[in-house]
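Peer 1: below is the sequence, then the predicted model.
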Amino acid sequence: MQRRPTGLARWSIRHPWQAVGGWLLFVLLCIAIGVAVGGNSATTKDFWIGEAGRGEAMATEGGLQQHPLERVLITAGPGTDQLDPAAAQYAARAITDRMRALPEVESVAAPVYSEDGQALRVDITMRGGELDGSKHVERLRAQTDAVQNEFPALRVEETGGPSISHGVDELRGKDLSRTELIAIPITLLTLLLVFRSVALALVPLALAISAIVAAIGLSLPASHLVPDNGIGTNIILLIGMAVGVDYTLFFLKREREERARNGRLDATALVSLAAATSGRAVVVSGLAVAASSATMYLADDVIFSSIGTATILVTLVAVLSSLTVLPALLTVLGTRADRRAAHRHHRTPNPRPGRISAAMLRPATRHPVATLVVAVLAMLAAGAPLLGLELTDMGRETHPRVIPAMQTYDRLNQSFPQLKSMHQVVVVAEPDRAGEVTGALLELARRAQADPALAGTADLRTSPDQRVSLLELAVPHYVSEDAAKKSLERLRGTYVPETVGALSDAESAVTGDIARSADYPEHQKQQLPLVIGALLLVTFLLTIWAFRSVVLGLIGVVLNLLSAAAALGLLTLTFQHTCAEGLLDFTSTGTIGSRVPLLLFVILFGLSMDYQVFVISRIAEAVRAGMPTRRAVLDGIGGSASVVSSAAMVMVTVFAAFIPLHIIEMKQMGFALAVAVLLDAFVIRMLILPALLLVLGDRCWWPKRPVTAADSPADRAHATVG
């Protein structure tokens with residue numbers, strides 16, 4: 001007996017036009033609520049992590065926090081080797097006057113010459129928090145451009161954290177627009193090949209886009225609970241297109257099969273059958289993605305919390321569309337198809353896989369043990385480079401040089417190498433000990449300046465209430481260089497403990513961009529086991545809940561780990577080395593972005609449950625119909641092969657569209673996800689899973705085999721998801 005569709009789907013099938021209108025109203029309401037409530041962006045303090053974050057909190061307490069800083073660089077113009085000092089001074093004065101007149105500017109420092117006298121810089125401190133600068137930096141850059149026009153014989157240019165952040169955001173926006181132009185047509189083409197119908201191909205795309213729009217609207221009020229770090233919309237676009245199309249594809253494919261199998265039934269009955277099978281699988285898949293994404297909150301990081309919220313919202317909205325507007329649209333389209341095809345004979349569907357799928361399944365069918373061993377060894381070999389994985393926080397110097405502010409950044413650091421990075425030592429003590437603290441910090445500065453890696457300038461500041469002191473040490477190395485990392489180790493391990501660390505009743509911390517770059521990956525490494533453990537538990541419990549099988553739960557965990565490890569291994573092999581630089585257009589940093597592995601694990605575990613639930617549901621359904629497990633495995637995997645491969649190609653298209661992006665961390669993420677989905681769909685689902693299930697036989701259902709139509713009504717109540 002077929003299981004009845006959920007109440008929402010059943011109502012939508014009976015009242016299709018009301019369901020369509022209700023969905024459109026829901027999307028508009030989400031947008032209206034989002035616009036009315038507005039968003040809440042993450043602030044600087046939301047990014048405080050580790051000792052570096054503690055130091056920033058201490059500095060902020062004393063009003064010594066880092067403000068947005070821009071630097072105007074004045075050098076000789078094109079075709080000139082020597083800087084004209086008089087012209088440079090005039091240009092610096094013009095910059096100073098113009099910047100001081102802006103309300104966004106807090107102070108302008110006196111001009112500073114480089115050691116060789118060929119460059120002059122002017123430092124401008126902006127008002128507000130460190131993350132606010134990019135919102136207002138265009139007004140400062142306009143003044144710099146105006147001075148450049150006044151002095152065409154000079155090169156007058158601006159860089160700094162706000163300029164670079166603004167440039168990165170602008171470049172990311174352009175890149176994402178291009179990915180949409182690539183992903184949407186290819187997705188549509190894939191759907192056309194699957195359904196050979198323009199109407200049916202447009203339905204998944206339209207529903208995915210509407211789900212994305214609704215989720216973006218809902219993400220704005222949600223950001224007041226979990227601040228948005230700026231990439232929530234990007235994640236909604238990425239995940240929304242993937243799961244939105246997948247869920248609709250699963251449902252559509254099943255409806256067409258039911259139409260071919262039960263030609264005498266009307267559209268309402270056919271869609272009801274699809275809702276009772278694939279509709280329930282979509283619900284379980286959506287819950288799996290949402291539950292997996294929720295584990296990102298355990299990372300204790302605003303970036304992952306924001307990504308988790310975005311993924312959960314767009315996934316649940318996509319599931320809702322699959323239970324409401326999708327059945328309604330299929331009922332309307334099916335009714336029209338019934339009228340057009342009333343005089344035609346309906347063909348019986350062929351449950352066998354297509355030629356390509358049959359060829360891929362043949363090794364598992366004929367030699368399951370050998371196939372299992374070879375495929376697992378191949379996946380382990382692909383994952384072997386993971387043993388050499390090096391994580392780092394992708395610092396400012398890794399941003400693409402197509403951003404004008406990054407080109408200026410390079411020229412600035414060439415003229416002023418001491419500005420490449422810095423340490424900040426923060427000390428909090430009672431006001432009457434300010435003199436003691438100052439003496440200890442000066443001693444620290446003296447020792448540090450004898451260190452070649454710290455032989456830069458030192459700047460000491462104290463809060464007005466004398467409670468907080470901050471020593472800033474310039475470092476002539478980029479944050480990702482070994483010399484900078486080792487200088488942090490010596491500072492924290494030797495210089496601080498021997499000076500300010502020896503003061504009683506005084507709290508100290510080392511922060512700054514080097515400390516941030518070191519503490520963030522370390523924090524990720526510490527949280528990664530917790531998140532992965534939670535993911536494994538969620539995957540295991542959801543599979544048991546869906547299929548009442550401990551064995552299938554263990555299989556899901558192992559296969560997800562295998563595909564994630566293989567994808568990370570190939571990512572490490574590709575991006576930590578230089579062999580693929582020309583092919584993928586990047587410059588290797590010798591590392592992987594610290595956020596990438598955790599994101600890959602979470603997103604892949606969630607998305608792979610789509611395939612797992614859909615494929616196992618078909619097998620369990622066949623077993624419940626009385627089919628032997630071996631035949632059910634072959635027919636279930638073979639019958640779902642085309643839809644799984646089609647869904648995988650849609651996902652791969654969406655993820656692979658991120659590979660040409662300029663931002664290396666997004667490039668790495670797109671590559672890893674595209675490879676992971678390919679491996680999961682074609683190696684895991686077509687080779688390892690069928691071989692493993694064939695080897696296990698009926699044992700894969702332990703402790704309880706799916707009930708059949710002959711079982712009692714009481715037993716049938718415990719049937720697995722269909």
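Peer 2: Now that the structure is in, tell me what you want to look at. Worth saying up front: this structure is predicted, and the values here are computed from it rather than measured.
Peer 1: tell me what the host helix or strand of Asn234 is packed against?
Peer 2: For Asn234, the enclosing helix or strand under DSSP states H and E is helix 232-261. Packing contacts for helix 232-261, counted by 3 or more Cβ pairs under 8 Å, 6 or more residues apart in numbering; DSSP states H and E, involve helix 161-195, helix 198-222, helix 267-274, helix 280-294, helix 302-323, helix 325-340, helix 596-624, helix 629-656. (Each C-beta comes from the backbone N, C-alpha and C, glycine too.)
Peer 1: quick one: closest of the ones you listed to Val510.
Peer 2: For the helices and strands packed on helix 232-261, the distance to Val510 is smallest for helix 161-195, at 19.7 Å, taking Cβ to Cβ.
Peer 1: could you list the buried residues of that closest one?
Peer 2: 161-168, 171-172, 175-176, 179, 183-184, 186-188, 190-191, 194-195 (16 or more other Cβ atoms under 10 Å).
Peer 1: now that helix: mean pLDDT?
Peer 2: Summarised as a single mean, pLDDT over helix 161-195 is 82.
Peer 1: mind giving me the packing neighbours of that helix?
Peer 2: Looks like helix 161-195 contacts strand 69-76, helix 133-150, helix 198-222, helix 232-261, helix 404-415, helix 629-656 (3+ Cβ pairs under 8 Å, 6+ apart).
Peer 1: next, the angle from it to strand 69-76.
Peer 2: 100 degrees (axes from the mean of the first three to the mean of the last three Cα atoms, to 10 degrees).
Peer 1: surely Met627 is within a helix?
Peer 2: No - Met627 is assigned coil when assessed by DSSP: H, G, I helix; E, B strand; the rest coil, not a helix.
Peer 1: leaving out sequence neighbours, find the closest residue to it.
Peer 2: Excluding the flanking residues, the one nearest Met627 by Cβ to Cβ, 6 or more residues apart in numbering is Asp635, at 7.1 Å.
Peer 1: measure the one you found to Leu361 for me?
Peer 2: Going from Asp635 to Leu361 by Cβ to Cβ, to the nearest Å gives 11 Å.
Peer 1: and those two? Which one has more around it.
Peer 2: A count of neighbours by other Cβ atoms under 10 Å puts Leu361 above the other of Asp635 and Leu361, at 22 against 18.
Peer 1: care to break this protein down by domain?
Peer 2: Here the domain parsing of the chain from automatic domain parsing is 1-37+197-349, 49-65+353-722, 69-127+132-166.
Peer 1: let me have these in JSON lines, extended by distance to Thr43.
Peer 2: Putting those into JSON lines (distance: least, Cβ to Cβ, whole Å) gives the following:
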{"stretch": "domain 1-37+197-349", "distance to Thr43": "7"}
{"stretch": "domain 49-65+353-722", "distance to Thr43": "11"}
{"stretch": "domain 69-127+132-166", "distance to Thr43": "9"}
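Peer 1: centre of the chain to the strand or helix carrying Pro521, how far?
Peer 2: Take DSSP H and E as the rule and Pro521 turns out to sit in helix 513-547. Distance, stretch centre to chain centre, for helix 513-547: 14 Å (Cα atoms, centre = their mean, to the nearest Å).
Peer 1: same check on stretch 668-686?
Peer 2: Distance of stretch 668-686 from the chain centroid (Cα atoms, centre = their mean) equals 16 Å.
Peer 1: what's the end-to-end length of it?
Peer 2: Using Cα to Cα, to the nearest Å, the end-to-end distance of stretch 668-686 comes to 26 Å.
Peer 1: for the protein, give me the ranges with low pLDDT.
Peer 2: 1-6, 263, 335-354, 356, 455-456, 705-722 (pLDDT under 70).
Peer 1: quick revisit: with distance to Thr499 added, can I get the helices and strands packed on helix 161-195 in TSV?
Peer 2: Shown next, in TSV, are those (distance: least, Cβ to Cβ, whole Å):
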stretch	distance to Thr499
strand 69-76	27
helix 133-150	33
helix 198-222	46
helix 232-261	43
helix 404-415	29
helix 629-656	50
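Peer 1: okay, those, which one's buried deepest?
Peer 2: Sort the helices and strands packed on helix 161-195 by mean neighbour count, taking mean count of other Cβ atoms under 10 Å, and helix 232-261 sits at the top with a mean of 25.
Peer 1: and the angle from that helix to helix 302-323?
Peer 2: 30 degrees.
Peer 1: direction-wise, compare helix 232-261 with helix 596-624 and give the angle.
Peer 2: Here helix 232-261 runs at an angle of 20 degrees relative to helix 596-624 (the same axes, to 10 degrees).
Peer 1: helix 232-261: how far from the chain's middle?
Peer 2: 20 Å.
Peer 1: by how many degrees do that helix and helix 629-656 diverge?
Peer 2: Orientation check (the same axes, to 10 degrees): helix 232-261 against helix 629-656 gives 140 degrees.
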